[in-house]
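Enquirer: everything below, folded, please.
(3 chains)
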Amino acid sequence: MPELAEVEYFRKRWNPGLGRKVVGVRLNPKARVGRGVDTRALAKALTGAKLLESLAAAKQMAFRFTGGAWLGVHLGMTGRLEAGDAERAPTLYDHFQLTMAGGRELVFVDPRQFGRIQFWQGEGVPPWWAKIPPAILSDAFTPGLVAAFLRRRARTSIKAVLLMQERFPGIGNWMADEVLWRAGFHPEAKAGAFGPKSVRKLHATLRTVCAEAMAVIGKDWSDPPDAWLFNHRWQDGGRCPRAKKPLVRAEVGGRTTCWSPTRQVLGAERR
DNA sequence: ATTCTTGTTGCATC
DNA sequence: AGATGCAACAAGAA
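Expert: Okay, here's the model as predicted:
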């Protein structure tokens, strides 16, 4: 589920822990979400440390603690963050949990366990945080970067290319479809076929969709307006909110993809 | 019972 | 060497 804006939403769900000290760390040792993590070092560093701030970028979150300790969280497909008190009923999938001074519990829940946690301690920011590519909403994300990337992935469908985190951090399946639908490009168009005008259109639409998603979903998980593709893409018999014609669903780039055949026509990308 | 899934990675192949 | 495609991971939902 979690793409750019959902991740920002979940980041804030741990806000009740800000400024508080960790009094307990629990990682389900059998859970895959802890793969590759030095559990003992993590527990040692976080116990007694104070949570100073949280950050979100792409589909990644970072929680910074005193002592130069950082906890990274990636939600995978089904992960979520929750906060509660001692009254909170545990779920089968509470794989990682921080108990904070005052009794607040910060929990990472993830049934499918495609998500994971990371840990780092030292000066500056963790390497896995520093290497996240420039955000789509940042000045560093330019049409030139998009054009160069599309050239390199020339023979791949634009749908699959938009899902590549190394250039489009935070874009997931629904956002990719939303962008292509709004910009009027067929998901199976080859990335190499995009002309300069189409690259600029794609770049601008990426920014718009990210900004609107952050304002609506990232803010408080409000329901997106019906003018978005989002509300129609999974309904059987769903109709394009602009063309009012039936939407199509098919697998493109290995993922279920939804588009409006009257608005998204192969060839439009050549301009 | 079967097929589906808003993500990523590692590996085989081109 | 770099690009491309796909199975695998796990488990709930329809």
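
Enquirer: now residue A:222: phi and psi?
Expert: For residue A:222, the backbone dihedrals (degrees, to the nearest 10) come out as phi -70, psi 160.

Enquirer: swap in residue A:69?
Expert: According to degrees, to the nearest 10, residue A:69 has phi -90, psi 140.

Enquirer: quick check: pLDDT value at it.
Expert: On pLDDT, residue A:69 comes in at 97.

Enquirer: for it, give its distance to DNA strand B.
Expert: 21 Å (C-beta to the nearest atom of the strand, to the nearest Å). Backbone N, C-alpha and C define where each C-beta goes, glycine included.

Enquirer: which strand residues bridge that residue?
Expert: When bridges are called by DSSP bridges, residue A:69 pairs up with residue A:65, residue A:121.

Enquirer: that one touches residue A:48, doesn't it?
Expert: No: Residue A:69 lies out of contact with residue A:48 (C-beta atoms under 8 Å); the separation is 10.2 Å.

Enquirer: more neighbours: these two, which one.
Expert: Neighbour comparison, residue A:69 and residue A:48: the larger count goes to residue A:69, with 24 against 13 (by other C-beta atoms under 10 Å).

Enquirer: quick one, what contacts the more buried one?
Expert: A:45-46, A:49, A:119-121 (C-beta atoms under 8 Å, 6 or more residues apart in numbering).

Enquirer: any idea how far residue A:93 is from residue A:112?
Expert: 9 Å (C-beta to C-beta, to the nearest Å).

Enquirer: of the two, who's got more company?
Expert: Comparing residue A:112 with residue A:93 by other C-beta under 10 Å, the one with more neighbours is residue A:93, at 18 against 12.

Enquirer: residues in contact with that one?
Expert: Contacts of residue A:93 by C-beta under 8 Å, 6+ apart are A:109-111, A:113.

Enquirer: could you do residue A:81 as well?
Expert: A:10-11, A:13-14, A:61, A:73, A:75, A:106-109.

Enquirer: and if you look at residue A:263?
Expert: By C-beta under 8 Å, 6+ apart, the neighbours of residue A:263 are A:181, A:184, A:240, A:242-243.

Enquirer: among these, name the ones in helices.
Expert: Among the contacts of residue A:263, the ones falling in helices (DSSP state H) are residue A:181.
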